[in-house]
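>>> Okay, here's the prediction I keep looking at, along with the sequence it came from:
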Amino acid sequence: MGLRFDTRRSDSPWVDAVWTCTSEQVTAMTSVAGVRWGLVFWKQDGRSCTAVTGPETRTSTAPVPTGATFTGIEFAVGTSLRFAPAPTLVDAGLELPDTTHRTFRLDGMRWPTPGPDDAEALVDRLVRAGAVQRDPLVAEVLRGRPLAVSGRTLERRFRAATGMTRGAFRQIERARTAAGLLASGARADDVVAKLSYFDEPHLARALRTYIGRTAGQLREGVGGAISLDLDLDLDRALDLDLGLDQRLTS
């Protein structure tokens, strides 16, 4: 038994997705690169914990507490925590102290620990209190809307809001999209053409760097536990506007 994610997309402009997971007979997993930060709540052996997860720029191996149940909130790109700027969370994250069964502490205040059905209610409270903030410019550039700012200003604000450059963001999102397509049965050469990789070796390098799997492993569903909901990334892939490259590099 591995890690099975149950994920739903959110209609909140502040939240990308809410997920739950239970770990059974798993002590380690492949942690994949990702551009979003999140809050994760888990319980194990009567102990409750809360952590802030940051964006990850590369794949790695991460320990998994066996027999734990998780609820996670994946925040929309461009949002950030007031007390922890996005660049400080990249490839890091942090466990929050003083978590109980009912509440957790964040930004100097106590908040109720959410379940998967009331995650958005918690986020609304965090937003009203100013604990979670957003740079609207990032959302605008991702929607492809014209912006009356210089490329230098856009790059500076994008990096401040996300902790990474627009180029790194594009590469990670493209690799995750490729993983979702391959896991759904797409051929590697079709993924190369659809996502504008130079060739199959270029795709293979991206998968190795950001996903930690080969195209064959993704198609066959092998390789062990992985911190990737491939159904969710396929859903994102189907929504993908291939003008993304131009929007992020213009």
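Received the coordinates, thanks.
>>> any idea which helix is longest in this structure?
helix 166-183 (DSSP state H).
>>> other SSEs contacting it?
Contacts defined by 3 or more C-beta pairs under 8 Å, 6 or more residues apart in numbering; DSSP states H and E place helix 166-183 against helix 151-162, helix 188-194, helix 200-210, helix 215-220, helix 230-239, helix 244-249. Using the backbone N, CA and C atoms, a C-beta is placed for each residue, glycine as well.
>>> what's the least confident stretch among the ones you listed?
Here those differ in mean pLDDT, and the lowest is helix 244-249 at a mean of 46.
>>> Which other helices and strands does the lengthiest strand in the chain contact?
Of all segments of type strand in the chain, defined using DSSP state E, the longest is strand 15-23. Under the contact criterion of 3+ C-beta pairs under 8 Å, 6+ apart, strand 15-23 touches strand 3-9, strand 69-75, helix 119-128.
>>> For residue 91, find the nearest of those.
Closest to residue 91 of the helices and strands packed on strand 15-23 is strand 69-75 (C-beta to C-beta; 16.9 Å).
>>> For that closest one, list every residue counted as buried.
70-75 (16 or more other C-beta atoms under 10 Å).
>>> which outside residues touch that strand?
14-23, 36-44, 53, 114-116, 119, 122-123, 132 (C-beta atoms under 8 Å, 6 or more residues apart in numbering).
>>> Now do that strand against strand 15-23, angle only.
With axes from the mean of the first three to the mean of the last three C-alpha atoms, to 10 degrees defining the directions, strand 69-75 sits at 160 degrees from strand 15-23.
>>> Buried ones among the contacts of strand 69-75?
The buried subset of the contacts of strand 69-75 (16+ other C-beta under 10 Å) comprises 14-21, 23, 36-43, 53, 114, 116, 119, 122-123, 132.
>>> can you list the buried residues of strand 69-75 in JSON lines and add distance to residue 28?
Below are the buried residues of strand 69-75 laid out as JSON lines (distance: C-beta to C-beta, whole Å):
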{"residue": "70", "distance to residue 28": "15"}
{"residue": "71", "distance to residue 28": "21"}
{"residue": "72", "distance to residue 28": "18"}
{"residue": "73", "distance to residue 28": "23"}
{"residue": "74", "distance to residue 28": "21"}
{"residue": "75", "distance to residue 28": "25"}
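>>> about what we covered before: mean pLDDT for the helices and strands packed on strand 15-23: which is lowest?
strand 3-9 (a mean of 85).
>>> Using PDB, write out every CA atom in that strand.
Output in PDB follows, covering the C-alpha atoms of strand 3-9 (Å, rounded to 0.1, in the frame of the first residue of the first chain):
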ATOM      1  CA  LEU A   3       0.100   7.000  -0.700                       C
ATOM      2  CA  ARG A   4      -3.400   7.600  -2.100                       C
ATOM      3  CA  PHE A   5      -4.400  11.200  -2.500                       C
ATOM      4  CA  ASP A   6      -8.000  12.500  -2.600                       C
ATOM      5  CA  THR A   7      -7.900  16.000  -4.100                       C
ATOM      6  CA  ARG A   8     -10.400  18.600  -5.100                       C
ATOM      7  CA  ARG A   9      -9.900  21.800  -6.900                       C
END
